[in-house]
Every structure is written in C-alpha cells, then in structure tokens.
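> Sequence and predicted model, in that order:
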Amino acid sequence: MASLNREGPFFLLMKSRKMKYQIKTAYLGKVKLENGNGSFPLDENTPQGVLAQLYDTVLGKEFIEPVAAPVAETQTK
Amino acid sequence: MKSLRVIGSLLMGLFMLASVVAPAEVHALVPPSVQDFLFGTGTVTVGMATVSLSNFSRKERQKANLGGIAKLYLMAASDFTADWPAQTDVVAGSIAGPTIPVAAGKTWAVVTFDIGTCRVKSDRKGKLGYQNVGVSGECKMAGYEAAQITALDKTFNEGGVAIAVYKDGTRVVYGSSNEPLEFEDSTDSGAKADDALSIDFKFKGDGYAFHPPTLATAVTVALTV
C-alpha cells in the first residue's frame, strides 16, 4: 500500500487551515488596517479568516502573529 | 544581392495586397506596438521621441462626482524610514505600493473633523521650466479641550504626510516625507452661544513634482483607533 505524502499540497492546505492567528497584545483594540476595499479593526471580534488574510500582507505581520504552529502528527505503528 | 531586393519587394507587395484584401486579418497579425506605425493615419517620427499632449476632459456623465473629504489621516515625517512618496513611486498618477515605508508599529493618526469642513487642494504653477505643485488642506473641529490641544501639540514643529479619503473612497497622498506638510491650527471661542467654538486645522506644502497621487486599492495602512 502506498504511503501518504504528508508534504503534498493537500496536507499543506490542511495545515494552513489549522493555523490560528492573534493580534499582538500591544495593538489589541488599538489599531485598524485599511485598504481600498475596507477597514478591519484589530480586536477580539476580528474573525480568524480576516486575520489570516491580513497576516499574509507585509503590514499585517507587524500586528498579527500565529498563535501556535500546528502540532505535527506522530505516526503510530 | 539583387535577388534579395526582388524577394523583399515581392513580400512587401504581398503584404500590401493582403492589407487591402483582408485588412482585419492582417491587423490581427501585427503586434499592437507597431500597429500605429504601420496603419496609423498620422505622421510618425522615427529616431526621436515625440512630445505631445493627450486629450483631457471632464468626468463622464451619469457617474457620481461628490465634493468634500470623508476621512483624513496624518503621519509624522520622522516616522518614515525612506523618502515617500518619491517621484519613482508615482506611476501614472498613482502609487502602487504595496507597502509604505514607516517604522514598525507606527500608525496613521486619524483626524475626526466636523462633517463638510474638510477640503484639500493642489495647484501646479511657476514659469515654464520651473513648474512645481503646491498643496494645502483644512478642516474644522468642534470644541476646545485639553485632549484636543495635546494632540495638536504633537504637530508643533513636526511636518508630515496626509492621506485624504475622497467621498468615492479614493485615497490621495498629500505631501511627502522629504518635503513634509507644515501643520497650522487656530482656535476660536466665538462671541455668543450659537457661534462655533472650534479649532481650525490646516496644512500646506510646496515644491512637489506631481499632483497628489492616489493610493492603489491594495496598499494597506494602519490607523490608530
């Protein structure tokens, strides 16, 4: 039986979906990011999807950080 | 050598014949960059760039064209980590970004003004060969409180750059970090109860190579809440 490629695109996608983000404590509730499409307040109510999108921008990384890297699955025999 | 000339003439003749018989098909085969040269009705100058004017006109009808400014953001000149916007940042009147070179964690200050009191202007002037652009802006804020004065004090002898958001959402950059806007303010108590107790805030700048450029949609700015 062929083994699964755990570095393949499917597993990378699943990993990225497991990533959670948070606003850096110093900026929580004090900053909003705005582009030509709208503005996004960075507070407790900011959805994870929005944080993930903003984290992908250069500016977003200054104010948002990943909560924790996904735990690597250990293979059991 | 002679045969080459004959072949070239024949090819040119065939090309011209094809242009008459099937102009659309020939047009489609020719790259867009040389279509004006081959098919244009005007004269073409070869060997030197032509300097010419373009058509300009009013905004098209049946579209909104609202005056006034919806929002105003300010950043101190000393918070920029590189000259911005430089002339190379401005392409066809717009700044593509995607980032603005400000120190880490620095955010744009938001000016909350009375509705319908903010306006910005630019004017290009000067003698031929020495022309440049000047900009200015103003808004009015109700009140006279310690917190307002404290915030205004931070503009004292500190230049900056402004982003004005027009009513249609267009963001326009006024001033630059190496030619910062000068901020000015004045207060007025009014003389009687229904007079406006207010603060006037103004900025002006001079010596820019371009009219205030727009910010591309993708450029993200961080604002102080």
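Yep, that arrived. Because the structure is a prediction, the values reported are computed rather than measured.

> Which secondary structure element of chain B has the lowest mean pLDDT?
helix B:35-39 (a mean of 57; mean pLDDT, DSSP states H and E).

> Tell me the first helix or strand C-terminal of that helix.
For helix B:35-39, the following helix or strand on the C-terminal side (DSSP states H and E) is strand B:69-76.

> what about the closest residue to chain A within chain B, how many residues close to it?
In chain B, the residue that lies nearest chain A is residue B:217 (3.0 Å; CB to the nearest CB). The way it works is simple: take the backbone N, C-alpha and C, and place the C-beta from them, glycine included. The local packing of residue B:217 (other CB atoms under 10 Å in any protein chain shown) involves 15 other residues.

> who's in contact with the nearest residue to it once chain neighbours are set aside?
Using CB to CB, 6 or more residues apart in numbering or on different chains and skipping the chain neighbours, the partner closest in space to residue B:217 is residue A:36 (3.0 Å). By CB atoms under 8 Å, 6 or more residues apart in numbering or on different chains, the contact set of residue A:36 is B:169, B:171, B:215, B:216, B:217, B:218, B:219.

> so of these, which ones are in helices?
Among those, no member is found in helices (DSSP state H).

> And the buried ones among those residues, selectable in ChimeraX?
The buried residues among the contacts of residue A:36 can be selected in ChimeraX (16 or more other CB atoms under 10 Å in any protein chain shown) with this line:
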select /B:171,215,219
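
> Any chance of TSV for the contacts of residue A:36, columns distance to residue B:153?
Output for the contacts of residue A:36, formatted as TSV (distance: CB to CB, whole Å):
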residue	distance to residue B:153
B:169	32
B:171	27
B:215	28
B:216	34
B:217	35
B:218	35
B:219	30
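
> Do a quick rundown of the strands in the chain.
This is for chain A. Secondary structure of chain A (DSSP state E): strands at A:21-23, A:31-35, A:38-41, A:64-66.

> nope, chain B please
Counting by DSSP E, the strands of chain B are B:69-76, B:90-91, B:94-95, B:109-111, B:119-125, B:132-142, B:160-166, B:171-174, B:182-188, B:198-208, B:214-215, B:221-224.
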